[in-house]
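**Q** need a 3D model of the following:
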Amino acid sequence: MSIALAHKRRMLAQGEGSATVAARVGAYTSTTALASPANAAKHLKLMEAAMAGDLERISAINSRELRQQLKRDELLPKYLEYVQRYRDSGLNYPNAVVMQVLVWLFDTAQFEAGLELADFAIEQGQQLPERFKRDVQTFVADELIEWAEAEHKAGRSPEPYVSNLLPRVDGEWELFERIPARFHKLLGILAMDEKDWAKAITHFERATELYSEIGVNTRLEGARKALRKQQAEGATE
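**A** Okay, here's the model as predicted:
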């Protein structure tokens, strides 16, 4: 059982329901809650207790759409204020609430805010909830490429997020090679959609270099053939 959940259950056993927990959290003002490490630790316990209750609410909902709506419309506004106050405090300690908010931002495809918070978490050396078994960089790259591939399959553009994250995925961050290869593969496919054969070839070749089993050989040969044809037609004209 998590510390937060155990704490919440102890309060419930003492007659303090979720409304009381929320009231106690709200009793801390922005000027006192994170004024010192001791106050910050007490405030974090309350926030963790509230978060544990909200995670139980989410788990009781069967509809993915309704879960996302709850996170986006109610829970994120509820916790983002605390996250900002923690960031402004200058303190640095393991903060499960910040990291759960990070997860929810990516769950709800709020990538600008999610990437900004991810940068902060990486700088602080924060760890994701244990169930993820990944570092922040891997989580961010995985979540974004999963979303991007689904968007493209549905006929929607995943840009500019894929291109914007590429320098980090293939360069700045140390990731399993298949992850940046997936980024290059998708960018190659997007380039083929635009008939930008040279760009597609560049991405497919890099994807193959990173991870030979990424599965772009047929597309790569098709792009090369199309580029040769385009060049020949241009020379003729």
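**Q** longest helix of the protein, counting residues only.
**A** helix 37-59 (DSSP state H).
**Q** check which helix or strand covers the nearest residue in space to residue 170 that is not next to it in sequence.
**A** Of all residues beyond its chain neighbours, the one nearest residue 170 is residue 180 (3.9 Å), with distances taken as C-beta to C-beta, 6 or more residues apart in numbering. Placement of C-beta: from N, CA and C, glycine included. Assigned by DSSP states H and E, residue 180 belongs to helix 178-193.
**Q** quick one: list the elements packing against the helix or strand immediately after that helix in the chain.
**A** As assigned by DSSP H and E, the chain's next helix or strand after helix 178-193 is helix 197-210. On a contact count with 3 or more C-beta pairs under 8 Å, 6 or more residues apart in numbering; DSSP states H and E, helix 197-210 meets helix 178-193, helix 217-236.
**Q** find the residue at the geometric middle of the protein.
**A** residue 106 (3.7 Å; C-alpha atoms, centre = their mean).
**Q** pLDDT weak spots in this protein?
**A** For the chain, the stretches with pLDDT under 70 are 1-33, 35, 237.
**Q** what do you get if the cut-off is 90, keeping everything else the same?
**A** For the chain, applying pLDDT under 90 flags the ranges 1-40, 129-131, 133, 233-237.
**Q** and the chain, what are its domains?
**A** 1-95, 134-237 (automatic domain parsing).
**Q** just name the most buried of those domains.
**A** domain 134-237 (a mean of 17; mean count of other C-beta atoms under 10 Å).
**Q** show me how far it is from its chain's centre.
**A** 20 Å (C-alpha atoms, centre = their mean, to the nearest Å).
**Q** so what's the residue nearest to residue 170 up against?
**A** 141, 166, 169, 170, 210 (C-beta atoms under 8 Å, 6 or more residues apart in numbering).
**Q** equivalent analysis for residue 98, please.
**A** 83, 86, 117, 121, 126.
**Q** does the fourth one touch residue 99 like I think?
**A** I take that to be residue 121. Yes: at 6.5 Å, residue 121 counts as touching residue 99 under the criterion of C-beta atoms under 8 Å.
**Q** could you dump the helices and strands packed on helix 197-210 into JSON lines and include distance to residue 199?
**A** Output for the helices and strands packed on helix 197-210, formatted as JSON lines (distance: least, C-beta to C-beta, whole Å):
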{"stretch": "helix 178-193", "distance to residue 199": "4"}
{"stretch": "helix 217-236", "distance to residue 199": "9"}
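**Q** tell me which of those helices lies nearest to residue 136.
**A** Between residue 136 and the helices and strands packed on helix 197-210, the tightest spacing by C-beta to C-beta is seen for helix 178-193, at 13.4 Å.
**Q** now the angle between helix 217-236 and that closest one, please.
**A** 40 degrees (axes from the mean of the first three to the mean of the last three C-alpha atoms, to 10 degrees).
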